[in-house]
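> Curious how this folds, go ahead:
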Amino acid sequence: MDKVNLSIALIPMSHQFGWNASVIGLVQSSFFWGYAPSQLPGGWLSKIFGGRLVHDGF
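I've put the predicted structure just below:
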């Protein structure tokens, strides 16, 4: 959901802050690089403690 909202919000943000296509790509890729590494520890914790406990935040 955040990825979809970010894609939509980037259009007015780029106009407001004067971002070009390179900056928009950097913002989108920074979301990916922040999200992707959390998948392995999150999966490991879910396997040990269960998905509901990990999702709800211990």
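> now stretch 17-26, how far from the chain's geometric center?
17 Å (C-alpha atoms, centre = their mean, to the nearest Å).
> and if you look at stretch 5-16?
15 Å.
> what comes up buried for that stretch?
Leu10 (16 or more other C-beta atoms under 10 Å). Any C-beta I mention is one placed from the backbone N, CA and C, and that applies to glycine too.
> Contacts for that stretch next, please.
Trp19, Asn20, Val23, Ile24, Val27, Gln28, Phe31 (C-beta atoms under 8 Å, 6 or more residues apart in numbering).
> for the residue lying closest to Asp2 once chain neighbours are set aside, what are its contacts?
Once flanking residues are discounted, Asp2 sits nearest to Phe31: 7.4 Å by C-beta to C-beta, 6 or more residues apart in numbering. Phe31 is in contact with Asp2, Lys3, Leu6, counting by C-beta under 8 Å, 6+ apart.
> Would you mind identifying the next helix or strand past the host helix or strand of Phe31?
Per DSSP states H and E, Phe31 falls inside helix 21-35. Counting by DSSP H and E, the element after helix 21-35 in chain order, helix or strand, is helix 39-49.
> which residues sit against the next helix or strand after that following helix?
Note on helix 39-49: by DSSP H and E, the next helix or strand toward the C-terminus is helix 51-56. Outside helix 51-56, the residues within contact range by C-beta under 8 Å, 6+ apart are Gly42, Leu45, Ser46.
> neighbours of the second one, just the number please.
Other residues within reach of Leu45 by the criterion other C-beta atoms under 10 Å amount to 15.
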